[in-house]
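# how would this look folded up:
(chains A, B and C)
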Amino acid sequence: MKDKQFWMITGGLTFAFLVYWSAGHPLFNPNRIVMFIAIVVIGATLLYNIRMAERGEEFYLRPIPGLKAVEEAVGRSTEMGKPVLFVPGIMDMDQVETVAGVIVLGHVSKMTARYETSLNVPVSRSIVMKAAREACRESYMMEGRPDMFHEDMVHYLTDDQFAYAAGVNGIMVREKPAACLYMGKFYAESLILAETGNSIGAIQIAGTASQAQIPFFVTACDYTLIGEEFFAASAYLSQKPELIGGVRGQDMVKAGVIATTILSLILFIGNLFELSSSKEWMDLKINNNSKSDTLNVKQWNKISDLMKYQWANNTINIPDSSILLMYGNLEYFDIGINRKLNFALETGNKYWRQLGFDYKEKKTNLNYALNNYSELNNDDDFWHNSKIKYGKSLWKELEIFEQDSLLSSGFTGFKKERVYYTLAEKNFVSSIVDSNYFMESWGSSQRSLPSIQSILTVQ
Amino acid sequence: MRTIENFILKFGQVDRRWIFLVLAIVVIIPILNPIGMPIRPTETTQVVYDAIEALPENSNVLLSVEYSPSTKPENHPMTISILRHFFRNGHKVFVTCLWPDGQFMAQDALKQVADEEFGKVYGVDYVFLGFRPGNEAVVKGIVSNIRKLYTVDVYQTKIDEIPLMDGITNFRDFAFLFSSSAGYPGTIEWVQYAADPTGVPMSSGVTSIQVNEVMPYVQAGQMKGVLAGMPGAAEYEALIGQKGSATSGMDAQSVAHLVIVLFIILGNAAYFIERKRFRKY
Amino acid sequence: MIWKRQIPILIVALVGAITLFGWFVEEPSIEAFVNDDATQWYDILASFAIILGAMNLIKLQLQKIARRKKGWPYSVVAIFGFLFAITAGFFIKGVDDSVAVWGAHVTTEGTLFKWMFDFMFTPLSATMFSLLAFFVASASYRAFRIRNFEASLLLVSGIIIMVGRVPIGSVISSWFIMYIIVLALGIGVNSWKKDKMITFGVVGIGLAVVTVAGIMTGWPLDQPGIFYLPIIQEWIYYYPNVAGTRAIMIGIGLGIFATSIRYILGIEKSYIGE
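Coordinates of the predicted model:
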């Protein structure tokens, strides 16, 4: 609350956004509003802390041994008369880790300029070479030692990952640097570099945000900057207030994330997600009804709420693997007719995972089928046609001669729409399920309205 | 007892090159004389298998190959097994590559499986689109308009002249994606820019090192299982009932792991003995 | 001066802001820029920038040869490799146009480039990657020491994952693991109590309990599941491992966001050397 200017501007921008939003938010993608708010809140938190730091507020940063050790490492190299090897990762400047690595290189080159130690920076990308050279040149100029800088201290090896690792290993084994710094984005070559550095007796400090490589660096290096510590390195090394303020802002955001996680856990334990699932259903119903303007309205109104829900979720088209596992273990003929129907209805809905199985059964129309389609219980023909219609994984359950007869009758494409055309023309499918099937494939087919109308009149 | 302690202490200070030599020997022997250990599929591998089994016949599936020869022992058996599974179930396979080296790997896999094993017809049963530079821009391009990104396939044939490409305009025209990946760009980019926003189901096969990074996506349901390294590839070979190089490699990997554990135990024993003597004297 | 300071900062701020906020805009040209053009511009720049890197490489290697520095024969090999790859890629195909056109020749069997890839690049890459196996062995041998509680936890979970992940883990009975736990318990009790009677008592009772339980249940290989290595390693993978990974991912994500915001706002200027 101390920074009045910040709060005034924030308030003004918030008001302007609210006016823009209530005016219909032209050009804004409303599906991404949550992300937008998150970005704005996080950015504002960072900015607030940066401004606080610039105004002289002191922030405590815990000591990070790896960063303290950087100067010791350079000092060690100076005493031993050996070079410092700096590896800024194997990726290009489009990766934030590489840029962070080049920032740290700027600080390290200041130290090497001050202590008159030679610096070797083999790089894997040409743009990184140029950026790293600029960083080193500027550092040497600022230390008043432009004579010590030469362009070849930053040199290109190769783009290929393992060829680069081989090249750096060769440099290590030949020149035997006393300090090896690995700061950037690494992949599998990290352990190769670190072990070779260990074998030559160099002090090794690594910093990376590549999660998979952190364990290797922790094992093989003397000091490792893990994740955020690496991004905070520039703040630590420069001690610039604006950078330190940014680190504090990050920590505040992280505290918010932790609080949200704990709150979500409490809500989950309290079974409060059942209610949110129900709300989700209601929202989907509302959404689907509003989308009916683009569909055949009459046909849409014939479909039950449950089928609309099924259709809406089938456009997402993610089969629930746990449901598949559940049914997959049963022999086909062991499953009752209702379950066979429900199996086809159940797939394609990613929200099922949130529901308990009892609730799923209710939603998947187990009782609904019994109550509303009593003829399904004993109607073999209908079930046969349902197998064809709900095709998908049940197609394989058809006898070979049944598949052959369908193939020979001109059905060659195996695309859902063509199956439907052929079966509808030959009256294989009954009117009750036509619309369901078609609506199910509607989302992925994106057919035009006139062609839908023509199909729907087949019945 | 003292003799044993001295031997263990000596072992604790052994030059690492002896460790390398022992490891090399224990890896070579099972490769030359396979043991044939049973492979037990894990849940994540089973989920991948089930997801592909559940696809309707003749589905259009996208296979993305992004690994280089360095990770070929881990990723290539996965790619081969997945291709076998796709072709066996009668799916139409479209192959892309986010890595330039992936194009060579995909070429080898298609030659072995599509041409030699299944006798599939190019352009009717599968299409090899090849590599395009751009990292995640390629993924985004496939999501928005694949025909703008790929005007020709890897053999420089126009896309419009390939029968299988009829009706394929973007990522949503595929029923499934499998990414055989060894790093960046790869699985994570496919999840972030393609599978999750569009809802098309995807699975992936990754190197053992990468499993940590992708497991949160598997747990969140954004990916349908994952083939974790060479063990995952061997498990998948067991599931499809056709053994390959991953299965034969598992014997060597098992023995190598045991040897490493043995070294660790002996190293710790040496450490304790040294500490005890240090305290004593 | 303005070219080296203000203009680059302005370009970074403008392009960064458009790319960040463009994701929220439903306007085709901006969407096209954010989704396709921005990353493609970068790739085009990087592709041309490779020439700079290649020239630098050649210059350094030639200097080494000219000055007969230590290891100069390797520089000859490096330059030969560079020229050979360029020749195979751009000048000598090795087959007719009827077999492969330029462009398709990189993957077509029988071309010089494919030969180079199969018989030079592939074995070299595979060899470098296989070094990891040896380095993992030597690194774990050196680093996995029971120095404190965290190191012990690392060691135990590492061994469980290493053995449980491979087929040999599934043939190790859970009863074997239970016996090992009883023995480890004995070591722990001995360190604590330093009394042989108590130690033998604990170990004896533990072994007896496990043996009786095994006889009664018929020594099933994978039961009880809590001691079966593949199940334990799956649990470690799915729960503690993913929890830790997620936490680090969140931290890294925040770090990337904060760093990127600093660039867009012009607070961080080290990339231009400031």
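
# what does the stretch 1-150 of chain B have sitting close to chain C?
Residues of the stretch 1-150 of chain B found near chain C (C-beta under 8 Å from any C-beta of the partner chain) are B:16, B:19-20, B:23-24, B:27, B:37-40, B:42-43, B:68-73, B:103-104, B:107, B:130, B:133-137, B:140-141, B:144. C-beta coordinates here come from the backbone N, C-alpha and C atoms, glycine included.

# any idea how far residue A:70 lies from chain B?
For residue A:70, the distance to chain B equals 27 Å [C-beta to the nearest C-beta, to the nearest Å].

# thought that residue was touching residue A:109?
No. Applying C-beta atoms under 8 Å, one finds residue A:70 not in contact with residue A:109, separated by 11.5 Å.

# could you flag which of the residues of the stretch 1-150 of chain B next to chain C are buried?
Buried members of these, scored by 16 or more other C-beta atoms under 10 Å in any protein chain shown, are B:16, B:19-20, B:23, B:27, B:37, B:39-40, B:42, B:68-73, B:103-104, B:107, B:130, B:134-137, B:140-141, B:144.

# can you tell me which of the residues you listed are in strands?
residue B:130 (DSSP state E).

# overlap between the buried ones among the residues of the stretch 1-150 of chain B next to chain C and the residues near chain A?
Contacts with chain A within those, counted by C-beta under 8 Å from any C-beta: B:16, B:68, B:70-71.

# okay, among the residues you listed, which ones form the most distant pair?
B:16 and B:68 (27.1 Å; C-beta to C-beta).

# hey, where'd the helices end up in the stretch 1-150 of chain C?
Assignment of helices within the stretch 1-150 of chain C using DSSP state H, counting those that start in this stretch yields the ranges C:6-21, C:28-32, C:38-66, C:72-86, C:112-116, C:122-143, C:149-164.

# So for residue A:184, which of these sits nearest?
helix C:38-66 (16.0 Å).

# hang on, residue A:205 in a helix?
No. Per DSSP: H, G, I helix; E, B strand; the rest coil, residue A:205 lies outside any helix segment and is strand.

# what residues are up against it?
Going by C-beta atoms under 8 Å, 6 or more residues apart in numbering or on different chains, residue A:205 touches A:66, A:69-70, A:73, A:179-183, A:221-225.

# rerun that using 7 Å as the cut-off
If a contact means C-beta atoms under 7 Å, 6 or more residues apart in numbering or on different chains, then residue A:205 has A:66, A:69-70, A:73, A:181, A:221-223 as its contacts.

# and what of residue B:251?
Per C-beta under 7 Å, 6+ apart, neighbours of residue B:251: B:30, B:34-35, B:37.

# let's go with 8 Å and repeat that
So, once contact is read as C-beta under 8 Å, 6+ apart, residue B:251 ends up touching B:30-31, B:34-37, C:167.

# Check which helix or strand residue C:170 maps to.
Element membership of residue C:170 [criterion: DSSP states H and E] is helix C:167-171.

# Residues in contact with that helix: which ones?
Under C-beta under 8 Å, 6+ apart, the answer for helix C:167-171 is B:37-40, B:231, B:234, B:250-251, B:254-255, B:257-258, C:163, C:221-222, C:229-230, C:233.

# quick one: is stretch A:121-141 near chain C?
Yes. Judged by C-beta under 8 Å from any C-beta, stretch A:121-141 comes into contact with chain C at A:123, A:125-127, A:129-131, A:134-135, A:137-139.

# and of those, the nearest to chain B?
Of all the residues of stretch A:121-141 next to chain C, chain B sits closest to residue A:125, with 13.0 Å by C-beta to the nearest C-beta.

# Can you read off the pLDDT for the closest one?
On pLDDT, residue A:125 comes in at 93.

# Who are the contact partners of the residue nearest to it when sequence neighbours are not counted?
Of all residues not flanking residue A:125 in the chain, residue A:92 sits nearest, at 4.4 Å (C-beta to C-beta, 6 or more residues apart in numbering or on different chains). Residue A:92 makes contact with A:98, A:125, A:127-128, C:46, according to C-beta under 8 Å, 6+ apart.

# any idea how far residue C:47 is from residue A:92?
Plainly put, residue A:92 is 11 Å away from residue C:47 if you go by C-beta to C-beta, to the nearest Å.

# Check residue A:265 too.
In terms of C-beta to C-beta, residue A:265 sits 48 Å off from residue C:47.

# was I right about residue B:65 contacting residue B:180?
Yes. Judged on C-beta under 8 Å, residue B:65 makes contact with residue B:180 at a distance of 5.4 Å.

# anything in contact with each of these two?
Contacts common to residue B:65 and residue B:180, judged by C-beta under 8 Å, 6+ apart, are residue B:79.

# ok, those two, which is more surrounded?
residue B:180 (34 against 31; other C-beta atoms under 10 Å in any protein chain shown).

# returning to what we had before: quick one, which of the contacts of residue B:251 are buried?
Neighbour counting with 16+ other C-beta under 10 Å marks B:30, B:37, C:167 as buried within the contacts of residue B:251.

# how about JSON lines for those residues, with pLDDT added?
Compiled in JSON lines, those are given as follows (pLDDT from 0 to 100):
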{"residue": "B:30", "pLDDT": "89"}
{"residue": "B:37", "pLDDT": "82"}
{"residue": "C:167", "pLDDT": "87"}
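
# Mind checking what secondary structure the residue nearest to residue A:125 has?
Look at residue A:92: counting by three-state DSSP, its state is coil.

# so how far is residue A:222 from it?
With C-beta to C-beta as the criterion, residue A:92 and residue A:222 are 28 Å apart.

# Next: residue A:120.
19 Å.

# tell me the contacts of residue 63?
If you meant another chain, say so; for now it's chain A. Contacts of residue A:63 (C-beta under 8 Å, 6+ apart): none.

# my bad, chain C
residue C:69.

# can you rerun that using 6 Å?
The contact partners of residue C:63, by C-beta atoms under 6 Å, 6 or more residues apart in numbering or on different chains, come to none.

# Quick check: the gap between it and residue A:150.
Taking C-beta to C-beta, one finds residue C:63 at 12 Å from residue A:150.

# just residue C:138 next, same as before
Distance from residue C:138 to residue A:150, by C-beta to C-beta: 36 Å.

# Residue A:26 sits in which helix or strand?
Going by DSSP H and E, residue A:26 is not in any helix or strand.

# quick revisit: out of residue C:138 and residue A:150, which sits in the more crowded spot?
Of the pair residue C:138 and residue A:150, residue C:138 is the one with more neighbours under other C-beta under 10 Å, namely 22 against 13.

# Correct me if wrong: that one contacts residue B:15.
No. At 9.8 Å, residue C:138 does not count as touching residue B:15 under the criterion of C-beta atoms under 6 Å.

# for chain C, what are the nearby residues on chain A?
With the criterion set to C-beta under 6 Å from any C-beta of the partner chain, chain A comes near chain C through A:27, A:29, A:32, A:36, A:43, A:46, A:92, A:94, A:96, A:100, A:103, A:106, A:126-127, A:129, A:131, A:134-135, A:138, A:155-156, A:162, A:166, A:191-192, A:195, A:209, A:211, A:219-220, A:227-228, A:231, A:242, A:246, A:250, A:253, A:257.

# Take these and keep only those in strands.
Those of these lying in strands (DSSP E): A:155-156.

# Could you list the low-pLDDT ranges of the stretch 151-274 of chain C?
Applying pLDDT under 70 to the stretch 151-274 of chain C flags residues C:271, C:273-274.
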